[in-house]
Structure formats: structure tokens, C-alpha cells
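Participant: kindly return the folded structure for what I paste below:
(one chain, ligands or ions: 1)
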Amino acid sequence: MTDSFDLIVVGGGPGGYVAAIRAAQLGLKVACVEKRGALGGTCLNVGCIPSKALLQSSHHYEMAAHELAAHGVKVGKLDLDLAQMMARKDKVVKELTSGIEFLFKKNKVHYVKGAGRLAAADTVSIAPAQGGPEQTLKASSVVIATGSDVAPLKGVPIDEKKILSSTGAIALAQVPETLAVIGGGVIGLELGSVWRRLGAKVTVIEFLDAILPGMDGEVSKFAQRILAKQGMTFRLATKVTGAKTGRKVQLSVEPRDGGKSETVEADAVLVAVGRRPYTEGLGLEAVGVALDPRGFVAVDRHFQTNVAGVFAIGDVIGGAMLAHKAEDEGVAVAEIIAGEAGHVNRDAIPAIVYTAPEIAGIGKTEEQLKSAGRPYRAGKFPFTAVARAKCNAETEGFAKVLADAATDRIVGAHIIGPQAGELIQEIALAIEMGASAEDLGRTCHGHPGLVEAVKEAALASLGRAIHI
Ligand SMILES: Cc1cc2nc3c(=O)[nH]c(=O)nc-3n(C[C@H](O)[C@H](O)[C@H](O)COP(=O)(O)OP(=O)(O)OC[C@H]3O[C@@H](n4cnc5c(N)ncnc54)[C@H](O)[C@@H]3O)c2cc1C
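Facilitator: Residues are numbered from 1 along each chain as shown. Below you'll find the predicted structure:
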């Protein structure tokens, strides 16, 4: 039997489940096909959520070990119960993924557990997760939201025992004495931080000259300094050429620009060199859906592929591979399919690294403005001069606001410091509303707040910060 819908969404991650819910809110009859056995995609199951749960737990451990005494809080002998830490993380994941199932029921989204394949532009065949014959669904629109997968590294095969992807690195049963992290991007630094805090000696090996590629250069240098002070070792402009696994892993590394090869030995290795679009088994070739040269599903600005009625959103179309970008694209595509005007502003997508301190950026970096020849004013304010940061004993870092020199419009902001990930959200709104640095500097901000760094940075761009 063939069931008919207005919309079938393939993939139940942040892109897919949000598209399904928004479309249902708009009155469409919607099915969402997910093969993982749980909703929430990479983000809730093996990405954002478990990593943040472990970052929080390991932060508490580090605070108890090194920070609380300065506040006059004495703790006795410290013990790590890693099994409990992992169990708590799993519980957080379970609660949130079942929460999405509840939302599907509430919004009458038909949840189909199985692997979907496009049999035609308006037909999705599903191999049910519990086995049995294929099921066929039809719809006038299909949204591909199948996300991404770990990018492999040649010569370093992931076995999830000693050579790990992020999925293995959020589920270790014991703390490795030494951990080599290949890739100094967000995932490498976050998970590297978790295991360093819990006692591992962490070495980050990065091919480029700096960590956090794509983020503001000044912030990235500052981040490296702080993380090195915390005990992480960095080897930049270094290439990993192979791995041998025995009792430990022997990584062959060599200078990127030529030179002698050497060996880095570690109990565990985390491969965190990026993610690639996941289109396996989707049948895109059969239907003629075009991919771009890097394998992402090619779409126009309305998320429409080259095949009428087939749309794509989230990690599988590339751009910032972030959950909130996927979610916003989910809302936009549902609105477009329902005949409304959905849109995502790519210039106002915050990127956050949940290390301690946090690192966050939005809009243009100074490097991008310089290379575009666009005149701008930069204002910077350090957390050492923020009263609340002093109270909290979290004074490392700064906020930087970038404004167009002619119009004073805010075009970017970059923050490294306590709760940078929360502070950046105000700038997202400012950019969306076309606010100027003057607007931000004249907005009354509550005292004592960490957010005063942002206000003062805006004022600094106009040459009139008060507290420095
Ligand atoms: C360790 C880690 C930490 C991260 N931390 C953050 C963070 O802090 N903040 C942030 O914004 N982003 C973070 N991300 C990135 C974030 O997880 C992704 O950007 C986001 O999940 C993308 O959403 P999506 O819906 O496009 O795809 P996914 O979340 O990848 O969802 C796609 C879903 O489609 C399903 N699927 C695939 N093929 C089929 C098929 N044929 N049939 C049925 N189902 C299918 C998959 O099983 C999957 O569940 C992190 C990622 C990782 C790995």
C-alpha cells in the first residue's frame, strides 16, 4: 500500500525534524523518515548534546580540582566516576531525543523508522528498521535532510577502539593517558578539552598554521595560548601520514612544508578532520539529483535541487555545518513548500566553541573585511575590566565588535571569554535588525553582567569605551 503526504522529510536531525514540525504547523500532512532508531540526528545523539554534557561534567571536575579552593570551597579527595559521567550524558541524550518524538506526536508528524531512498522525485521507499518488506510513501515535496558523517583520514583507519571518531571519543570507558587529536577545529578542541580535564595528556596536530580555521585570527591565536596554558600541546603545520596500532598507536607525522618524518605515540587518537555530506543509499543518482564537486547536494537559494519538488537542507548541503543553521533552514524550507517566504541570513549564523573559556564568532572576521577591502572600525574590550568577570574569577579573553566604517552597521563580532556562546546571541539580533555600534553602545545593559564587555566593545569601536 502507498501512503500519500504533502511532504516527506528524509532524516530526523535538527534540519529534518524542525522542517517536519514547521510544515505540520502550516497545515501540511508530513512524514519524517529516520533510520537511526532515534530522532535528533547527529546533534542530539552523537554531537552537540553528548559533547556538551561531557564538557559540563569535566568542567565541574576541573573546577573541583583546581578552582574552588580560591573561592574558599574545600573539597576532599577527588574521585572520577567516569561510568556515572557517561550514564548522565546518555540520560540527557535519551530525554532530549524522546522529547522530539513527543513533539512529532503533538504536531501529528508521521514518524517512520527506517532507511529512506528516493525511488522517484515524489516517491520514497523505506527499508523498515525492524526488517520486513519495503514501504512506499508518496508526496508532492521531499526534503533531503540526511546530514553528514565523519570525514576519514587516509592512512589512519578509525576502529573506534584506539583510533576514534567523535562518536567513539564521547563514549570511552577509561581516560587515556595520552590522546592525540588530529585536527584543531571545534570538535577536536572540545573533545580534547574533555579528556585533558579528566587527566589525559592531549596533543593537537593541525595541518594549517592556526587552530580554528575560519574564525577571527586574533581570537584563534588567543585561544591557542589559553588552551596551551591549560596543558594542551599543539603541533601546527604538521601532517599525519599514517598510523600503526599495537598496544599504543604510532602516528607518523611530518612537517607540512617538507622535512623529517617522526612518530607521535598515543594511547588513543581522535580523528577530527571534518565532516562530509551523507548521501549514501539515498538513490539520488537514480532520480538525477545533482551534487556539487565536493559531494554536497546542490540547491538554489530556496533549497530546491535541480529536480522539481526535491529540496535539501542542513549539513548535506554544506555551508556552516551547525545544528542551528540546519534548524533555520528546516523552518525556511517548510515555509517555502507551504507557499510562504522562508529565508536564512547566512551573515548572521553564530559559531561557538564550548571550550573554557568559550569562543564565539558571527558575521565577518577582520581578515575577511580586509581582503574584501571593506573599511571597518574594530572595538575591543577585555574581560579583565568587566566587574562580573572579576566576581566570577573568569577574566581571560575579550569581546570585539566590527562595524562598517561608513554606516556604523555591525558586520561581525568575535568573543573569547566566559559565556561567549551566550553573549554572541545579542549580536545575532543586532545584525538581523541592522543595528549600529552606536545602537549597541547606547542600549542599557544590566550590571554587573558579562555582556557589558559587548556594550563596551561597541563603544570602543567609536573611541569612547568607559571602563578602560
Ligand atoms: C561531536 C560533534 C559536536 C557537535 N557540536 C555542535 C554544537 O555544539 N553546535 C552545533 O550547532 N553543531 C554541532 N555539531 C554539528 C551538528 O551536529 C550538525 O550540524 C547537525 O546535526 C546537522 O543537522 P542535520 O539535520 O543536517 O543532519 P544530522 O543531524 O546529521 O541528521 C541527519 C539524520 O538523517 C538520518 N539519515 C541519513 N540517511 C538517511 C536515510 N537514507 N534514511 C533515513 N534517515 C537517514 C541520519 O541517521 C541522521 O539522524 C556537532 C557535531 C559533532 C559530530
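
Participant: do you know how far the closest residue to the ligand within the stretch 201-350 of the chain is from residue 43?
Facilitator: Closest residue of the stretch 201-350 of the chain to the ligand, C-beta to the nearest ligand atom: residue 314 (2.2 Å). (Each C-beta comes from the backbone N, C-alpha and C, glycine too.) Distance, residue 314 to residue 43, by C-beta to C-beta, to the nearest Å: 10 Å.

Participant: give me the common contacts of the two.
Facilitator: 13-14, 326 (C-beta atoms under 8 Å, 6 or more residues apart in numbering).

Participant: just among the residues you listed, which is most surrounded?
Facilitator: residue 13 (33 neighbours; other C-beta atoms under 10 Å).

Participant: contacts only, for residue 337.
Facilitator: Neighbouring residues of residue 337 by C-beta under 8 Å, 6+ apart: 6-7, 23, 28, 141, 143, 311.

Participant: what does residue 175 give?
Facilitator: Here residue 175 is in contact with 80, 82, 195, 198-200 (criterion: C-beta under 8 Å, 6+ apart).

Participant: same check, this time on residue 68
Facilitator: So, once contact is read as C-beta under 8 Å, 6+ apart, residue 68 ends up touching 74-75.

Participant: did I read that right, it in a helix?
Facilitator: Yes: judged by DSSP: H, G, I helix; E, B strand; the rest coil, residue 68 forms part of a helix.

Participant: now do the helices in the stretch 201-350 of the chain.
Facilitator: 217-229, 284-287, 323-337 (DSSP state H, counting those that start in this stretch).

Participant: need the next SSE after the longest one, C-terminal direction.
Facilitator: Past helix 323-337, further along toward the C-terminus, the next helix or strand under DSSP states H and E is strand 351-353.

Participant: what pairs with that following strand, parallel or antiparallel?
Facilitator: strand 358-363 (antiparallel) (DSSP bridges).

Participant: what lies in contact with the strand it pairs with?
Facilitator: With C-beta under 8 Å, 6+ apart as the criterion, strand 358-363 contacts 212, 215-216, 219, 223, 347-353, 402, 410-421, 423-424, 427-428, 431.

Participant: does it reach the ligand?
Facilitator: No: using C-beta under 6 Å from any ligand atom, strand 358-363 stays clear of the ligand, with a minimum separation of 10.6 Å.

Participant: only the buried residues of the helix or strand that that strand is followed by, if you could.
Facilitator: Later in the chain than strand 358-363, the nearest helix or strand by DSSP H and E is helix 366-371. Residues of helix 366-371 classed as buried: 366, 368-369 (neighbour count, 16 or more other C-beta atoms under 10 Å).

Participant: out of those residues, who's nearest the ligand?
Facilitator: Nearest member of the buried residues of helix 366-371 to the ligand, counting by C-beta to the nearest ligand atom, is residue 368, at 20.6 Å.

Participant: how about the nearest residue to that closest one, chain neighbours excluded?
Facilitator: Spatial nearest neighbour of residue 368, excluding adjacent residues (C-beta to C-beta, 6 or more residues apart in numbering): residue 412 at 7.9 Å.

Participant: the one you found - how many residues pack around it?
Facilitator: Residue 412, neighbours per other C-beta under 10 Å, totals 24.

Participant: doesn't it lie inside a helix?
Facilitator: No: counting by three-state DSSP, residue 412 is not found in a helix; it is strand.

Participant: so what pLDDT did residue 25 get?
Facilitator: You'll see residue 25 listed with a pLDDT of 98.

Participant: next, count neighbours for residue 60.
Facilitator: By other C-beta under 10 Å, neighbour count at residue 60 equals 14.

Participant: so it lies in a helix, does it not?
Facilitator: Yes: using three-state DSSP, the assignment for residue 60 is a helix.

Participant: roughly how far apart are it and the ligand?
Facilitator: 18 Å (C-beta to the nearest ligand atom, to the nearest Å).

Participant: contacting residues for that residue?
Facilitator: Here residue 60 is in contact with no residue (C-beta under 8 Å, 6+ apart).

Participant: what about residue 115, which SS state?
Facilitator: strand.

Participant: okay, and the beta partners of it?
Facilitator: residue 127.

Participant: make residue 1 into 711 and carry on from there
Facilitator: Noted, 711 is the first residue going forward, which turns the last one into residue 825.

Participant: quick one: the helices in the stretch 761-910 of the chain, in order.
Facilitator: Going by DSSP H, counting those that start in this stretch, the stretch 761-910 of the chain shows helices at 792-817, 876-879, 896-907.

Participant: which among these is found nearest to residue 1099?
Facilitator: Residue 1099 sits nearest to helix 896-907 of all the helices of the stretch 761-910 of the chain, at 19.9 Å, using C-beta to C-beta.

Participant: tell me the mean pLDDT for that closest one?
Facilitator: Helix 896-907 comes out at a mean pLDDT of 98.

Participant: elements contacting that helix?
Facilitator: helix 758-772, helix 876-879, strand 888-892, strand 911-915, helix 927-939, strand 978-981, strand 1061-1063 (3 or more C-beta pairs under 8 Å, 6 or more residues apart in numbering; DSSP states H and E).

Participant: would you format the ones you listed as a markdown table with mean pLDDT included?
Facilitator: Shown next, in a markdown table, are these (pLDDT from 0 to 100):
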| stretch | mean pLDDT |
| --- | --- |
| helix 758-772 | 98 |
| helix 876-879 | 98 |
| strand 888-892 | 98 |
| strand 911-915 | 98 |
| helix 927-939 | 98 |
| strand 978-981 | 98 |
| strand 1061-1063 | 98 |
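
Participant: then stretch 1066-1084 to CSV, C-alphas only?
Facilitator: C-alpha atoms of stretch 1066-1084 as CSV (Å, rounded to 0.1, in the frame of the first residue of the first chain):
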residue,chain,number,x,y,z
ALA,A,1066,36.6,27.1,28.7
PRO,A,1067,36.6,30.0,28.0
GLU,A,1068,34.1,29.8,25.3
ILE,A,1069,34.9,31.1,21.8
ALA,A,1070,32.2,32.6,19.5
GLY,A,1071,32.1,34.5,16.3
ILE,A,1072,29.4,35.8,13.9
GLY,A,1073,29.5,37.7,10.7
LYS,A,1074,32.7,38.9,9.1
THR,A,1075,36.1,38.4,10.5
GLU,A,1076,38.8,41.2,10.3
GLU,A,1077,40.6,39.0,7.8
GLN,A,1078,37.5,38.8,5.5
LEU,A,1079,36.9,42.6,5.7
LYS,A,1080,40.5,43.3,4.9
SER,A,1081,40.6,41.0,1.9
ALA,A,1082,37.3,42.5,0.6
GLY,A,1083,38.8,46.0,1.0
ARG,A,1084,35.8,47.0,3.1
